[in-house]
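Enquirer: output the structure for:
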Amino acid sequence: MIPTWFWTNIDVVRVITFVAVVTGIWVFAGGLKIHGRLRTGDARKLNHATALAGGVLWFASGNALCDRVSCHVAVVILFGLLLAVCHFREWGPFHYAFIGYARESDRPHDSFHVWFSWLVSIVGIELVDLSFGSLELTRCAALILGLADAIAEPIGSRFGKHRYQVRDVLTATTRQRSWEGSLSVALTTAAIVFVALSPALLGGVSWPLLTAVSLPLSSRLAWATVAGLLVSLVEAWTPHGLDNLTIPLSAAVLVRGMWACL
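Expert: Numbering: from 1, shown residues only. Predicted coordinates for the structure are as follows:
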């Protein structure tokens, strides 16, 4: 039985608004892709960034318990809707939403990769939250997954000239990634960690990780660079389909380790 405190800490307006925006972006991205306005990677990563980075910013009311509970409820609803999208993918708005998420290269398992990518993202971020018990660290990991991973595919598809192969999580086939895409993961992760170590950049708000620590610029740059490089190496090594799990976990472990060293 779900305890009373859970229900009383749901911000219904925030949840409904977030679910409506995210699902609206699913349909919008699919429509743009169908009409040739967005590439496959761009449409997917627009959805990806909206859900993850948007969730970090939207569920930041200052009430940690309410933010946690409301975000969990929104994620459960969205995952249920995504399963419906995969099941009814040939019908109306479900078709648009599915097209916006599916990769042609994932066929005939494109439906699996759509919902599985969400599932491993949820598992990865939940493991971070349960393991470290820090909402700030969970937000940082989600932001890295939402932005660093979202940038990699569009960069790789446009500028990726140096390719390497990774295994597929479902089959024995190999997939291609590019070092240009991996470099974008490193740079974006480094930028996010740098901001997380620099509370003054965000006006001293409460979610950056080290609000009580004053670090010189050189130290913040060094820590952020190390985090970016290591997360990008983890992403490069991870089989296709599991990077949404390994990116937040590796980012959280690295940033928490930095925190412990300071």
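Enquirer: helix, strand, or coil at the residue nearest the centre of the chain?
Expert: Nearest residue to the geometric centre of the chain (C-alpha atoms, centre = their mean): residue 146, 2.9 Å. Assigned by DSSP: H, G, I helix; E, B strand; the rest coil, the conformation of residue 146 is helix.
Enquirer: pretty sure it contacts residue 45?
Expert: No. Between residue 146 and residue 45 there is no contact under C-beta atoms under 8 Å: 9.4 Å. Every C-beta, even on glycine, is put in place using the N, C-alpha and C of the backbone.
Enquirer: can you map out the strands along the stretch 101-250 of the chain?
Expert: 163-167, 174-178 (DSSP state E, counting those that start in this stretch).
Enquirer: can you list the low-confidence ranges for the stretch 51-200 of the chain?
Expert: 170-172, 199-200 (pLDDT under 70).
Enquirer: out of the strands of the stretch 101-250 of the chain, deepest packed?
Expert: Mean neighbour count (mean count of other C-beta atoms under 10 Å) peaks for strand 174-178 among those, with a mean of 17.
Enquirer: by contact count, what packs against that one?
Expert: When contacts are defined as 3 or more C-beta pairs under 8 Å, 6 or more residues apart in numbering; DSSP states H and E, strand 174-178 packs onto helix 135-159, strand 163-167.
Enquirer: please produce CSV containing the ones you listed, extended by distance to residue 12.
Expert: What follows is the helices and strands packed on strand 174-178, written out as CSV (distance: least, C-beta to C-beta, whole Å):
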stretch, distance to residue 12
helix 135-159, 20
strand 163-167, 42
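Enquirer: wait, which of these is closest to residue 258?
Expert: Closest approach to residue 258 among the helices and strands packed on strand 174-178 (C-beta to C-beta): helix 135-159, 10.8 Å.
Enquirer: want to throw the strands of the stretch 101-250 of the chain into CSV with distance to residue 127?
Expert: Below are the strands of the stretch 101-250 of the chain laid out as CSV (distance: least, C-beta to C-beta, whole Å):
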stretch, distance to residue 127
strand 163-167, 22
strand 174-178, 24
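Enquirer: pick the most buried one from the helices and strands packed on strand 174-178.
Expert: Highest mean neighbour count of the helices and strands packed on strand 174-178: helix 135-159, a mean of 23 (counted as mean count of other C-beta under 10 Å).
Enquirer: show me how far that one is from its chain's centre.
Expert: Relative to its parent chain, helix 135-159 has a centroid offset of 6 Å by C-alpha atoms, centre = their mean, to the nearest Å.
Enquirer: what's the answer for stretch 148-164, then?
Expert: Centroid separation for stretch 148-164 versus its chain: 16 Å, with C-alpha atoms, centre = their mean.
Enquirer: all further residue positions should be reported with the first residue as 28.
Expert: OK, 28 is where the count begins now, so the last one is stretch 175-191.
Enquirer: ok, residues contacting it?
Expert: The list of residues contacting stretch 175-191 from outside it, by C-beta atoms under 8 Å, 6 or more residues apart in numbering, reads 66, 68-69, 71-73, 75-76, 79-80, 203-212, 215-216, 219, 258, 262-263, 270-271, 274.
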